[in-house]
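Enquirer: Just a sequence and a predicted model for now, questions to come.
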Amino acid sequence: EAGVTQFPSHSVIEKGQTVTLRCDPISGHDNLYWYRRVMGKEIKFLLHFVKESKQDESGMPNNRFLAERTGGTYSTLKVQPAELEDSGVYFCASSQAGGSLLSEQFFGPGTRLTVL
Amino acid sequence: DAKTTQPNSMESNEEEPVHLPCNHSTISGTDYIHWYRQLPSQGPEYVIHGLTSNVNNRMASLAIAEDRKSSTLILHRATLRDAAVYYCIPPSNAGGTSYGKLTFGQGTILTVHP
């Protein structure tokens, strides 16, 4: 069974440009999460989808970030316009239906974003 | 939310047991403690979780103190592949809208020597 996949693995963009990250969760997982680690900091939660609905987006840093999950399958995270402080590694995770802390979250390998 | 405290780093030799401590003195009676780890250049991966009694799985054991204010992740025989950052993760607003959110701290960097 395929795990969580993320695309691209690396992205280098200029400040002010737009970047879209994609996450494909494990098939059948209703819960999808986005996290990120910026340079020198801890991994931080961004948001949580249950199917196509945003359950919790309390970690989204500002309105330059837009996450979608149309149809409840894959998700995209768009950063527009990108700023230098957005550089870091963006992780996606998914878990089975139920969405509780008792459901193991499976993480993707991450997308390393560099904003120049 | 409950808070956790872990040592910044620990070292072990290959084939030896490793005990990774975590203090969570503010945990409530119904909060589970989860452990995840992050291998180099990979996303975090689940290790184990528990509530009151000790737990075992194929990866590790989790020993939880009787007062639940601390726990210890035990790797019975460390291998080079176990070199990673280990995170003791408290529950985060369980039951609220952020149910399921993982709150990562600094974690413990485990170095395993051959």
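Expert: Structure received.

Enquirer: So for chain A, which residue is the most central one in space?
Expert: By Cα atoms, centre = their mean, the mean C-alpha position of chain A lies nearest to A:Trp34, the distance being 3.2 Å.

Enquirer: gap between it and B:Thr79?
Expert: Distance of A:Trp34 to B:Thr79, given as Cβ to Cβ, to the nearest Å: 31 Å. Quick note: C-beta positions are derived from backbone N, CA and C, even for glycine.

Enquirer: And B:Ser28, by the same measure?
Expert: For B:Ser28 relative to B:Thr79 (Cβ to Cβ), the value is 35 Å.

Enquirer: hey, where'd the strands end up in the chain?
Expert: I went with chain A, as the question did not name one. Using DSSP state E, the strands of chain A run over residues A:5-7, A:10-13, A:19-24, A:31-38, A:44-50, A:53-56, A:65-68, A:75-79, A:88-95, A:106-107, A:111-115.

Enquirer: please go with chain B instead
Expert: Taking DSSP E as the test, the strands found in chain B are B:9-13, B:18-23, B:33-38, B:44-50, B:55-56, B:61-64, B:70-75, B:84-89, B:108-113.

Enquirer: So for chain A, which of those strands sits nearest?
Expert: strand B:44-50 (4.3 Å; Cβ to the nearest Cβ).

Enquirer: Format the strands of chain B as CSV; extra columns: mean pLDDT.
Expert: Below are the strands of chain B laid out as CSV (pLDDT from 0 to 100):
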stretch, mean pLDDT
strand B:9-13, 97
strand B:18-23, 96
strand B:33-38, 93
strand B:44-50, 92
strand B:55-56, 90
strand B:61-64, 94
strand B:70-75, 95
strand B:84-89, 95
strand B:108-113, 97
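
Enquirer: any chance of those in JSON lines, with distance to A:Leu47 and mean neighbour count too?
Expert: Formatted as JSON lines, these follow (distance: least, Cβ to Cβ, whole Å; neighbours: other Cβ atoms under 10 Å in any protein chain shown):
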{"stretch": "strand B:9-13", "distance to A:Leu47": "31", "mean neighbour count": "14"}
{"stretch": "strand B:18-23", "distance to A:Leu47": "26", "mean neighbour count": "19"}
{"stretch": "strand B:33-38", "distance to A:Leu47": "19", "mean neighbour count": "23"}
{"stretch": "strand B:44-50", "distance to A:Leu47": "17", "mean neighbour count": "21"}
{"stretch": "strand B:55-56", "distance to A:Leu47": "30", "mean neighbour count": "15"}
{"stretch": "strand B:61-64", "distance to A:Leu47": "29", "mean neighbour count": "20"}
{"stretch": "strand B:70-75", "distance to A:Leu47": "28", "mean neighbour count": "20"}
{"stretch": "strand B:84-89", "distance to A:Leu47": "18", "mean neighbour count": "24"}
{"stretch": "strand B:108-113", "distance to A:Leu47": "27", "mean neighbour count": "17"}
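
Enquirer: That's all I had, so thanks and see you.
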